[in-house]
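**Student:** A structural model of the following input is requested.
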Amino acid sequence: MRPMRVEDLDAVMVVERRAYPYPWSIGIFRDCLFAGYPAWVLLEGGAFIGHGVLSVAADEAHVLNVCVDPARQGRGHGRTLLRAMVQAARGRGACRVFLEVRPSNPAAIALYEDEGFNEIGRRPRYYPADNNGREDAIVMAMELLGD
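**Tutor:** Model (predicted):
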């Protein structure tokens, strides 16, 4: 794992498009990098297999994107990225980390719960969905105080 760079974005987009039916745009990634958000790429044998983006403001952090190539999911790569982001949030003085997840993504929900995140609410119609629909987001948080 290493910090994401602008020159990585084409490879990041390949993984992002494989993993999500509604991927982030390259412009969103570029904006995050230019804003100074901590971001990483995960490499295996030189191949891009995942990435993550975090924002930290005041004493709160927000996991904005965690993505692992579908062909390499279920091997702990998402956990590696998530733990790195939580550690980065802690190192930047965050007391709490937030994230959103689709209710239709039980594997991600299980990972987040296993890592200590708890559901704290819902955002109605947060994500785009098939047939011009919308899907709620489960809002989860992890307290970093006392760690």
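**Student:** what's the longest helix in the chain?
**Tutor:** helix 77-91 (DSSP state H).
**Student:** for that one, packing partners?
**Tutor:** strand 39-44, strand 47-57, strand 60-68, strand 96-101, helix 106-114 (3 or more C-beta pairs under 8 Å, 6 or more residues apart in numbering; DSSP states H and E). C-beta here means a position set from N, CA and C on the backbone, and glycine is covered the same way.
**Student:** Verify the stated contact: Pro70 with Arg18.
**Tutor:** Yes - assessed by C-beta atoms under 8 Å, Pro70 is found in contact with Arg18 at 5.7 Å.
**Student:** re the thing from before, now, of the helices and strands packed on helix 77-91, which is deepest in the fold?
**Tutor:** Across those, averaging neighbours per residue (mean count of other C-beta atoms under 10 Å) puts strand 60-68 on top, at a mean of 22.
**Student:** picking up where we left off before, tabulate the helices and strands packed on helix 77-91 (CSV), appending distance to Trp24 and mean pLDDT.
**Tutor:** Formatted as CSV, these follow (distance: least, C-beta to C-beta, whole Å; pLDDT from 0 to 100):
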stretch, distance to Trp24, mean pLDDT
strand 39-44, 11, 96
strand 47-57, 8, 97
strand 60-68, 6, 97
strand 96-101, 13, 98
helix 106-114, 16, 96
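**Student:** Save these as CSV, and put in distance to Ala11 too.
**Tutor:** Listed next are the helices and strands packed on helix 77-91 as CSV, based on distance: least, C-beta to C-beta, whole Å:
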stretch, distance to Ala11
strand 39-44, 8
strand 47-57, 4
strand 60-68, 12
strand 96-101, 24
helix 106-114, 22
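**Student:** And these: which comes nearest Leu82?
**Tutor:** Proximity to Leu82 (C-beta to C-beta) singles out strand 60-68 among these, at 5.9 Å.
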